[in-house]
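Participant: No letters, just coordinates:
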């Protein structure tokens with residue numbers, strides 16, 4: 001009887017710890033990998049350059065882990081469309097609060113610096129088509145032919 005109660009107590013403590021901390025650790029690990037694939041898909045973007053920029057904004061107040069956590073959560077929420085199907089771990093990671101808080105001036109500088117970052121392909125919000133083709137009332141077939149012709153010119 002004593003062993004059963006001790007076992008249940010240990011199990012309850014483990015489940016409490018896992019629910020409180022273990023899920024956060026797993027979500028961070030799995031979501032970070034997925035967000036890295038989306039945000040840093042091109043070879044032009046470099047994590048060290050982004051970390052250096054964030055450290056300049058915050059005057060080296062943050063660790064690399066805290067800065068990357070803030071960057072991934074803020075830019076991930078801006079880039080990923082949460083109404084599209086995304087993994088449970090990514091959603092849990094993005095909806096959790098950041099490890100740090102930036103003051104107002106640091107936030108403004110952060111958003112000014114990374115406003116149009118990144119140019120990504122993937123599950124992102126659709127951009128508005130402001131090309132000259134969208135302004136003229138051509139049929140879809142005619143627009144498709146014009147797009148193919150310009151694509152072929154680019155490839156040639």
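Facilitator: Yes, it's here. The shown structure was predicted, so the numbers you read here are calculated from the model rather than taken from an experiment.
Participant: And stretch 13-27, end to end?
Facilitator: 20 Å (CA to CA, to the nearest Å).
Participant: Check which residues of that stretch are buried.
Facilitator: residue 27 (16 or more other CB atoms under 10 Å). (C-beta placed from N, C-alpha, C; glycine too.)
Participant: so where's this protein shaky on pLDDT?
Facilitator: Within the chain, the segments meeting pLDDT under 70 span 42-45, 118-156.
Participant: center of it - which residue?
Facilitator: Centrality entry for the chain: nearest residue to the mean C-alpha point is residue 76, 2.1 Å, by CA atoms, centre = their mean.
Participant: distance of that one from residue 36?
Facilitator: 10 Å (CB to CB, to the nearest Å).
Participant: same question, residue 110
Facilitator: 19 Å.
Participant: can you list the domains in this structure?
Facilitator: 29-125, 128-156 (automatic domain parsing).
Participant: Which parts of the chain are helices?
Facilitator: Along the chain, counting by DSSP state H, helices occupy 2-17, 23-39, 47-58, 64-79, 88-95, 104-113, 140-155.
Participant: sorry, back to before: ok, the residue nearest to the centre of the chain - contacts?
Facilitator: 31, 35, 38-39, 90, 93-94 (CB atoms under 8 Å, 6 or more residues apart in numbering).
Participant: Same list, those, but as a markdown table with neighbour count please.
Facilitator: Listed next are the contacts of residue 76 as a markdown table, based on neighbours: other CB atoms under 10 Å:
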| residue | neighbour count |
| --- | --- |
| 31 | 23 |
| 35 | 21 |
| 38 | 20 |
| 39 | 21 |
| 90 | 21 |
| 93 | 23 |
| 94 | 18 |
